[in-house]
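**Student:** Sequence below, structure please.
(one chain, ligands or ions: 1)
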Amino acid sequence: MMWWNNKQGKQAHGLTMADFEWLAHRLAVTSPNARKLSKREMHAIYEECLGQVKTASVAVDAHERAEPSAVLHELIKPDALSPHAVNPDLGSPDAVKHSAHAPEVVDAELVADPAPPVMLEARVAKAAIKLLHAEMGLKPPVWMRKVRPEVLPAIAMLPGMGWHIILGKGSDGNWVVESPAGRTQVASLPAGASYSTIENTVVGEKKASLRKLFKQVLLQRSHVLFYVGFAAIIANTLALAGSLYSMQVYDRVIPTQGVPTLIVLTTGALVAAVFELVIKMARSAIQDRAMKGIDIELGHRVFQRLLNIRMDQFPPSVGSLSSQVRGYETIRAFVLAAVLYCLIDVPFAILFLLVIVMLAGLQMALVPIGFFVASMLVGLMYRKRIQAHTRSSTMASNKKLGLLVETVEGAESIKATGAGWHQLNRWGMLSRESVEEDVSIRHYSEHASYLAAFLQQSSYVVLVCMGAYIASTGLLTTGSLIACSILSGRVLAPVGALPGLIVQWGNSKISFESLEKVFSLQMDNEGVETPLVPERLLGNIMVPALQFAYKEGTQGLKIENLNIGMGEKVGIIGSIGAGKSTLLKLLGGLYKPVQGTVLLDGLDMQQLSRPWLSEQIGYIPQEIRLLQGSLRDNLTIGLVGITDAAILAACEATGLIRLVSGHAKGLDLQIAEGGAGVSGGQKQLIALTRLLLAKPNMWLLDEPTSAMDEGTEGQALTAIQQAATATQTLLLVTHKPALVALVNRLIVLGPQGILIDGPRDAVLQRLQGRPSTTAPAETVTVNAQEGV
Ligand SMILES: Nc1ncnc2c1ncn2[C@@H]1O[C@H](COP(=O)(O)OP(=O)(O)OP(=O)(O)O)[C@@H](O)[C@H]1O
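**Tutor:** Below you'll find the predicted structure:
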C-alpha cells in the first residue's frame, strides 16, 4: 500500500476547501451580524493553514518514506500542496499527470493510487475554523467531546464521516446532520467526535485596541499560566526542603552524630532536588510553548492590522513604521516577565519571608523589606533617565532604518546623481545620535544593575549578621540561621530583579506608545461593523461631491459631480500633479474622501468590504511593486484555482509569453524583493497579465503601458480591449495618445478639479481648438474655470 494511503487514513476526517467554504457560509447564515468573507479571503485563511500542513507533511514524508523513488519524490514534493492545488481539479490523479510539475514517466502503481487529497487534518482544521471565526468577528470556537440538543447548531468533526453541522434531533430520535453533500439523518454520533456550538455573538474584533489585543492573547493562554504557576508552587515548595535539610543536619545530625538520620535526610533532600529539576524543566517546556503561541498570534494580529491600514493613512516613513510594528516583541517580553514575576516570584518571596519570620522572628523580615523599598527606588530613579534616552535612541534607529531602506531602494539614483556623500552624512549623524543614546542607556542600565547587586549583597550580610546576633542570644539555632541565610537568597533574588524589571517597563512603554500610534491609524472599512459583500459589482460610479487632501490644510482634489455608468470606458488625462492617480485611488476605494462620498452601484464605497473590492476591481498602480517569489507566484498572487494553462493563455494574450519562453526557468523565474530582476515594461506586463487572470468586473488602470515599446503596447491594449467586456467599467489614466483609443469618454483633470468631461473625440477636438464633428457641443461639459 502506498504511504499516502496511510496518510489518507489519518486524514479520513480532513477538512477540504469545499467543506471550509460551506462552513463559512453556514456560520454567516447562523450569525447574520458576522462579517461576510469573500471567497478569496476564505481561500487565504485556508491556504495559511495549508502552509502549516506543508511544513508538517514535509517532515512526516521524510520520516515515513523508507526508500523514496524519484517519481514518488516528485509527486509528493511540497508543490503538490501549492495554492493552485487547492483547485479540486488538481486534486485528481489526472490533474497531477497533466500539471506542469508532473513527471513524464509515472510508475504504474503510483498512477493507480489516488493523489493525496488537499485537506487539513483535524488539528490544523480546528485552527483554520478558529481563524475563520476571528475574521468573521465571532467568538472563538470551544471544542467539546459531547453535544446536547439545546446548544445546537454545532460544527462537528465526526470520525469516519468528516465535517458536518449538527442541526438537531428529530422526533424519531435521529440526529439531523448536514454536510456540503446535503442533509441526512444518523441514529448515533460516532465516538471520538468534537463539537463546537455556533454562537450568534459578534465580538467586534476590529475595534480592538493594542491594550485589548495583548489582554486577549494572554487571557487565551491563561491555562498555561495556571500550569506554570502550579509547577512553580511545587518547585518552590521542594526548594524549601533544601533549607530545612540544612537546618536539620546542623541542629539534629551533627550534635547527635546520627548517621542513619543523615542518610534518610540526604536521600529525601536528593529526591526533592531531582523532583525540582524535573518540575522546572516541565515548567520551562510549557512556558516555551506558550511563548511561541503568543508570539505567533501577536505577530499575526499586528501584521494583519498593518495590512488593514487604509492607504491614505499609511505613514510615509517605511523605516519608522517597520520598527514601530516590531515593537510588540519588546512589549510581549516585558508583559510576560511582569506576569510571571507577579504570579510566581513575588508570592514565593513572601512565603519564604514568612518562613524566615517563623524561624527567626519579625525583625529578620525587616531587612528584605527595607531592601525591597531601596530596590524600588533605584528602579524608579533610573527608569525615567533610561526611558528618555530610549525614546531618542528609538527615534534615531527608526530614522536610520528609513535611510537604509531609501538608500537600498534608490541606490541607482544615488549613484547616478552622486548623492552618496549626502546619504553618508545623514547616516553618520544618525549613527552618532543613536550611539550616544545607546551608550547612555547602557551606562544607566549597568548602574541600576550594579546598585541592585550591591543592595542584594549588603542585605545578605545584614541578614546573616542579624541572625548571628540573635543566635548569640540563644534565640536562634545554628541550623535555623543557615536555613534563614539560604532562604534569604530566594527572597532577595526577586527583589534584586525589580530595578531591571522597572527599566524594562520603561522600554516597553515607549514601544507601546509607538505601536499604539500604528493602531490608531484608520483602517479599511473604518467604523463599519459589517462591511457589505454584494453578489457582484456592476460598475456604476457616482460622486455627488468630493474633497480630498493628503495633509490637512493643503490644496487637494475637488470634484463637484461625476457620474460614470456601467460599461463606460473613460480616459482621465491632465497635466502632471493634477490628481489623476489620486482620483483613481478614490474611485477604487483605496483612499477615503475628506468630504463627500464615492458611491459604487449606489452604495458608499467605505461600506463595501475591502477584500471584496480587491476581488471585483482590477487596479494597476502607476508604480508597480512585484513581490519576492517566482513569476508564477506574482501572476497568481491573491487568486484561487489558477491553472498553468490559464497562466500561459493570459501570457500569450499580453505578450508576456516572450519573457516566459525566453527564460530557461519559465514561470519559475525568480523575482527578487521589490521586483528586481525584471524591467519596468515587463513589470507592467506582469501586472496586466495578473489582471487578466483575476477577471475583475471593473478596471482601474494608471498609465499601464507607460514603460512599454510600441509593439508590446499594441498587444497589451488589444488584450485589455478583449478582456474588458462591454458591460465592464474601465477607467484609464494616461498621457499616451495610443491609449485614448481604448476609451469613448475623456475627463480632463486640472488642479481645480474636472475641467472638461465628454465624448472622447469631442474632447480631443476641443483640446486641439477645433469644433467637434462627431459630437454635439452640448455633450461636452466644460468647467467655467477651464485652464488646460
Ligand atoms: N502620498 C502623497 N502624499 C502627499 N502628497 C501627494 C501624495 N501623492 C501625491 N501627492 C500630491 O498630490 C497631487 C496629485 O498627485 P497625483 O499623483 O494624483 O497626480 P497625477 O495627476 O497622477 O500626476 P502624474 O501625471 O504626474 O502621475 C500632487 O500635487 C502630488 O504632489
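**Student:** how close does residue 379 get to residue 492?
**Tutor:** As judged by C-beta to C-beta, to the nearest Å, residue 379 and residue 492 stand 15 Å apart. C-beta here means a position set from N, CA and C on the backbone, and glycine is covered the same way.
**Student:** And the pLDDT at residue 109?
**Tutor:** Predicted confidence (pLDDT) for residue 109: 40.
**Student:** try residue 365
**Tutor:** pLDDT recorded at residue 365 is 78.
**Student:** Apart from its chain neighbours, what residue comes closest to it?
**Tutor:** If the residues on either side of it in the chain are set aside, residue 365 comes closest to residue 357, at 4.9 Å by C-beta to C-beta, 6 or more residues apart in numbering.
**Student:** Against which helices or strands is the helix or strand containing that neighbour packed?
**Tutor:** Taking DSSP states H and E as the criterion, residue 357 maps to helix 346-360. Applying 3 or more C-beta pairs under 8 Å, 6 or more residues apart in numbering; DSSP states H and E, we find helix 346-360 packed against helix 222-248, helix 362-409, helix 478-496.
**Student:** same thing but 10 Å
**Tutor:** Contacts defined by 3 or more C-beta pairs under 10 Å, 6 or more residues apart in numbering; DSSP states H and E place helix 346-360 against helix 222-248, helix 362-409, helix 420-472, helix 478-496.
**Student:** quick one: that helix to helix 478-496, angle?
**Tutor:** Orientation note: helix 346-360 sits at an angle of 150 degrees relative to helix 478-496 (axes from the mean of the first three to the mean of the last three C-alpha atoms, to 10 degrees).
**Student:** How far away from the center of its chain is helix 346-360?
**Tutor:** 45 Å (C-alpha atoms, centre = their mean, to the nearest Å).
**Student:** before we move on, what about stretch 727-743?
**Tutor:** Offset of stretch 727-743 from its chain centre (C-alpha atoms, centre = their mean): 37 Å.
**Student:** that older thread, buried ones in the helix holding residue 357, by neighbour count?
**Tutor:** 348, 349, 351, 352, 353, 355, 356, 359, 360 (16 or more other C-beta atoms under 10 Å).
**Student:** and whichever residue of the stretch 401-550 of the chain sits closest to the ligand, what does it touch?
**Tutor:** Going by C-beta to the nearest ligand atom, the ligand is nearest to residue 550 of the stretch 401-550 of the chain, at 3.3 Å. Counting by C-beta atoms under 10 Å, 6 or more residues apart in numbering, residue 550 touches 312, 316, 556, 557, 582, 591, 594.
**Student:** again with residue 426
**Tutor:** 399, 400, 403, 406, 407.
**Student:** Report the separation between residue 731 and the ligand.
**Tutor:** Taking C-beta to the nearest ligand atom, to the nearest Å as the measure, residue 731 falls 13 Å from the ligand.
**Student:** Let's see the host helix or strand of that residue as CSV, backbone CA atoms only.
**Tutor:** Residue 731 is part of strand 729-733, with elements assigned from DSSP H and E. Taking Å, rounded to 0.1, in the frame of the first residue of the first chain, the C-alpha atoms of strand 729-733 are listed here in CSV:
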residue,chain,number,x,y,z
THR,A,729,-16.5,49.9,-16.5
LEU,A,730,-12.9,50.9,-17.4
LEU,A,731,-11.1,54.0,-16.1
LEU,A,732,-7.7,54.7,-17.6
VAL,A,733,-5.2,57.4,-16.6
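**Student:** Looking at that strand now, give me its mean pLDDT.
**Tutor:** The model assigns strand 729-733 a mean pLDDT of 95.
**Student:** From residue 591, how far out is the closest residue to residue 595 other than its chain neighbours?
**Tutor:** Sequence neighbours aside, residue 547 is the residue nearest to residue 595 in space, at 4.1 Å (criterion: C-beta to C-beta, 6+ apart). Separation of residue 547 from residue 591 (C-beta to C-beta) stands at 12 Å.
**Student:** Who has more neighbours out of the two?
**Tutor:** Using other C-beta atoms under 10 Å, the more surrounded residue of residue 547 and residue 591 is residue 591, with 21 against 13.
**Student:** Can you check what pLDDT the model gives that one?
**Tutor:** For residue 591, the model assigns a pLDDT of 93.
**Student:** where does it fall, phi/psi-wise?
**Tutor:** phi -110, psi 150 (degrees, to the nearest 10).
**Student:** How about the contacts made by it?
**Tutor:** Per C-beta under 10 Å, 6+ apart, neighbours of residue 591: 310-313, 548, 550, 557, 582-585, 598, 605.
**Student:** Using the three-state scheme, assign the residue of the stretch 251-400 of the chain found nearest the ligand.
**Tutor:** Using C-beta to the nearest ligand atom, the single residue of the stretch 251-400 of the chain nearest to the ligand is residue 316, 6.9 Å away. Look at residue 316: counting by DSSP: H, G, I helix; E, B strand; the rest coil, its state is coil.
**Student:** Make residue 1 into 57 and carry on from there
**Tutor:** Sure, I'll start numbering at 57, so the last one becomes residue 372.
**Student:** and the nearest residue to residue 287 once chain neighbours are set aside, what is it in contact with?
**Tutor:** Nearest-residue entry for residue 287: residue 339, 3.8 Å, with adjacent residues in sequence omitted and distances by C-beta to C-beta, 6+ apart. Residues in contact with residue 339 (C-beta under 10 Å, 6+ apart) are 283, 284, 285, 286, 287, 288, 290, 291, 396, 400.
**Student:** got the buried residues for stretch 548-560?
**Tutor:** 548, 550, 551, 552, 553, 554, 555, 556, 557, 558, 559, 560.
**Student:** Which of the buried residues of helix 402-416 sits closest to residue 527?
**Tutor:** residue 416 (8.6 Å; C-beta to C-beta).
**Student:** my guess is that closest one contacts residue 535, does it?
**Tutor:** No - the pair residue 416 / residue 535 is not scored as a contact, 11.4 Å apart, by C-beta atoms under 10 Å.
**Student:** tell me, what's touching these two both at once?
**Tutor:** Counting by C-beta under 10 Å, 6+ apart, the residues touching both residue 416 and residue 535 are residue 527.
**Student:** wait, residue 658 sits on residue 594?
**Tutor:** Yes - using C-beta under 10 Å, residue 658 is in contact with residue 594, at 9.3 Å.
**Student:** So between these two, which is more surrounded?
**Tutor:** The neighbour count for residue 658 versus residue 594, taken as other C-beta under 10 Å, is higher for residue 594 (19 against 8).
**Student:** In three-state terms, how would the more buried one be classified?
**Tutor:** coil.
**Student:** Could you check the pLDDT of it?
**Tutor:** Predicted confidence (pLDDT) for residue 594: 93.
**Student:** what sits against it?
**Tutor:** Neighbours of residue 594 in contact, by C-beta under 10 Å, 6+ apart: 621, 622, 623, 656, 657, 658, 672, 753, 754, 783, 784, 785.
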